[in-house]
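> please find the sequence and the predicted model below.
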Amino acid sequence: MRREQLINDNWLFRYHDGTETEVNIPHTWNNKDGQDGGNDYFRGTCEYEKNFTAPTLSDEERLYIEFNGVNASARVVLNGKEIICHDGGYSTFRADITDYIKKINHLLVEVDNSVNDRVYPQKADFTFYGGIYRDVKLIVLNKHHFDMDFYGGKGLAVCPEVSGEDAAVWVRTWHNTEGGKVRITLHDAEGRVVARGDDTDETLVIRKVHLWHGVEDPYLYNCEAVLYVDGKPVDKVSTNFGCRSFRIDADKGFFLNGKSYPLRGVCRHQDWKDIGNAITKKHHDTDMAIIREVGANTIRLAHYQHDQYFYDLCDRYGMIVWAEIPYISEHMPNGRENTISQMKELLVQCYNHPSICVWGISNEITISTKKRKDMLDNHHELNNLIHDMDPSRPTTLACYAMCAPFDSVGHLSDIVSWNLYLGWYTPFMWLNNLWVDYFHARYPNRCLGYSEYGCECMPNLHSSHPIRGDQTEEYQCKYNEFMLKFFDKRPFMWATHLWNMFDFAADARNQGGEPGMNHKGLVTFDRKTKKDSFYLYKAWWSKEPFVYICGRRYVDRAERKTTIKVYSNCPEINLYVNGEKVAYQKADKIFTFRIPMKGEMKIEAVSGKCRDKIKIRRVEKKNPTYKLSRKKANGGNWT
């Protein structure tokens, strides 16, 4: 059977200026200059080299090399022979290298993230880190094996369809052996066999199926396929899968397994401070733990294919996922082939994940598109491609704020969402009411969601009278309080995805006094600070009882009376100042108290066993560090 060997360690990295250093994979060369602002991070070609000893092969075995993520284009040369080229920085690709190996082998990978007009993304509000930033491995397998050469897939596709108490599981396999026989076995989560089959295209029935039901019960089955030649097993692949049904109603929103299941969640970029996209499983685990803590039940994985490990986490923890390709901001007529190949890779590599319920075609494609007719045709081709390859999931896309409700772009996919920042980039939060209610009245049969909304927040900036554009922690709270109440009144919205779960790098930006960053996250770029708004969302979404006092970083307050705001999913709060009870309040998630200021003050909020404490103090003059200087405040958006 198969043997895998990671070859992540001890690579020679050669920068574009000829500088050489030893690195381990995952690695990016833009983890610093891609996060410091100026839009001047290096985009071009760098090289990775490695010598490795070939694993021992029998006459019946082949050797593949697999790359799980190289951004953005790769040219792989083994012992002086070009073995594969790949365009697209977020998906798996591999090559059979059996005929090119020696005992000791020299591997060269040229990686290019340079500006061009054919490989997406080229224009967007995030940094396009260059490098080999996901695992590289060698795979030894029998010469008779499941398909390894079709868009990075594993030669196994599983599609369950729930009917009553049972599920019909359609299993398809592809292999390279004429006369080979395939045996399919389905196991439940405890490892018990629930169904068997013996065909490359087989429908198996699971009686009294245990449904995959989102965050409440993300139950997973496993499908194992074994290839037999002359009665002997020669190769094996497997995948987890979940049995669920869903539908999206234009008037009532999202339904999972026949039950109303409002999708309320976040968007996620994969990069970390000082690390970029060269993250490990530990970083993925941390991100998922934080997303689960806030209580989200859906994630839009923007704006590209994420690591398979993170999709696995979404399956395991019951997240409903919007998966998409980086067809973004600007249509490039020479990039059509690349949108098709990236979409095929996304579909083939991610098909079996029960967490994925929608395929995203594009994001804000009308920002600067000039060839509109070609752009629309490209979208229709992708839409048809998805329907052909996976009729079980609908298509969607994220429309740009300036894309009008009646623009044809917003009506070409099965369902749609808009990126709207009303109350941040434009005045007046109540414009959300007008926009959404107009769209729903004008197009009552069109499923509408929010794919992005949010506002910038620097947790070191504060104000007792927050206003749009001040970047304070308090305005982010004010904005999101409005948005959450707004969504509660509109159950017809099929999904809402906050932009963003985490701050992330966008080297073209210069806002908030920290160039190169988008600060709309509920959590800082290093994942160390959960902003006050994080706990607002936790109060709305999480069932875990808690109490949180806002303003713990707003210590110095030059006012006679101050507002103490508490977020909690408990029904009542007792407020204490310096150990003395001063107030009691019943409220729904947001508790607001006005108290007089005097000297150093210890504030405590208590509800049953839940409590939280902060310290504040009365000062004579406002702390100047709480306000963004005019010079820094004038930094521009990325566009």
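Structure's in. What do you need? Treat the numbers as computed from the prediction; the structure is a model and nothing was measured. Residues are numbered from 1 along each chain as shown.
> tell me which residues form a beta bridge with the residue nearest the centre of the chain?
Among the residues of the chain, the one closest to the centroid is residue 301, at 2.3 Å (Cα atoms, centre = their mean). For residue 301, the beta-bridge partners are residue 268, residue 323 (DSSP bridges).
> in this structure it contacts residue 322, no?
Yes - in this structure, residue 301 is within contact of residue 322 by Cβ atoms under 8 Å, at 6.7 Å. C-beta: built from backbone N, CA, C; applies to glycine.
> picking that back up, what does the pLDDT read for the residue nearest to the centre of the chain?
In this model, residue 301 is scored at 98, pLDDT.
> going forward, the N-terminal residue is numbered 21.
Noted, 21 is the first residue going forward, which turns the last one into residue 321.
> can you name the element that comes right after the helix or strand hosting residue 157?
Assigned by DSSP states H and E, residue 157 belongs to strand 156-162. Once the chain leaves strand 156-162, the next helix or strand it forms, by DSSP H and E, is strand 176-183.
> quick one: the following helix or strand past that next one to strand 176-183, angle?
Reading on from strand 176-183 to the C-terminus, the next helix or strand found by DSSP H and E is strand 186-193. Angle, strand 186-193 to strand 176-183, by axes from the mean of the first three to the mean of the last three Cα atoms, to 10 degrees: 160 degrees.
> list the contacts of the helix or strand following strand 186-193.
Next along the chain after strand 186-193, taking DSSP H and E as the criterion, comes strand 201-207. The contact list for strand 201-207 (Cβ atoms under 8 Å, 6 or more residues apart in numbering) reads 189, 191, 193, 195, 213-220, 222, 224, 226, 241-249.
> restricting to C-alpha, output strand 201-207 in PDB.
Only the C-alpha atoms of strand 201-207 are listed here, as PDB (Å, rounded to 0.1, in the frame of the first residue of the first chain):
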ATOM      1  CA  LYS A 201     -11.700  -4.400  -8.900                       C
ATOM      2  CA  VAL A 202     -12.700  -1.900  -6.300                       C
ATOM      3  CA  ARG A 203     -14.200  -2.800  -2.900                       C
ATOM      4  CA  ILE A 204     -16.000   0.000  -1.100                       C
ATOM      5  CA  THR A 205     -16.600   0.000   2.700                       C
ATOM      6  CA  LEU A 206     -18.500   2.500   4.700                       C
ATOM      7  CA  HIS A 207     -17.800   2.900   8.400                       C
END
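> ok so, going back, how about the strand holding residue 157: buried residues?
Within strand 156-162, the residues that count as buried by 16 or more other Cβ atoms under 10 Å are 156, 158, 159, 160, 161, 162.
> would JSON lines of those residues with distance to residue 417 and pLDDT be doable?
Below are the buried residues of strand 156-162 laid out as JSON lines (distance: Cβ to Cβ, whole Å; pLDDT from 0 to 100):
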{"residue": "156", "distance to residue 417": "33", "pLDDT": "98"}
{"residue": "158", "distance to residue 417": "38", "pLDDT": "98"}
{"residue": "159", "distance to residue 417": "35", "pLDDT": "98"}
{"residue": "160", "distance to residue 417": "41", "pLDDT": "98"}
{"residue": "161", "distance to residue 417": "38", "pLDDT": "98"}
{"residue": "162", "distance to residue 417": "42", "pLDDT": "98"}
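> now those residues as JSON lines including distance to residue 141?
Converted to JSON lines, those look like this (distance: Cβ to Cβ, whole Å):
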{"residue": "156", "distance to residue 141": "23"}
{"residue": "158", "distance to residue 141": "30"}
{"residue": "159", "distance to residue 141": "29"}
{"residue": "160", "distance to residue 141": "35"}
{"residue": "161", "distance to residue 141": "34"}
{"residue": "162", "distance to residue 141": "38"}
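> where exactly do the helices run in the stretch 521-659 of the chain?
For the stretch 521-659 of the chain, applying DSSP state H, counting those that start in this stretch gives helices covering 552-561, 650-653.
> among those, which comes closest to residue 308?
helix 552-561 (15.1 Å; Cβ to Cβ).
> what sits up against that closest one?
So helix 552-561 is contacted by 284, 313-317, 477, 479, 493-494, 496-497, 500-501, 504, 518, 542-543, 564, 566, 568, 570-571, 587-589, 609-610 (Cβ under 8 Å, 6+ apart).
> tell me the mean pLDDT for the longest helix anywhere in the chain?
Counting by DSSP state H, the longest helix found in the chain is helix 392-409. Across helix 392-409, pLDDT averages out at 97.
> figure out how far it is from the centre of its chain.
Relative to its chain's centre, helix 392-409 lies at 23 Å (Cα atoms, centre = their mean, to the nearest Å).
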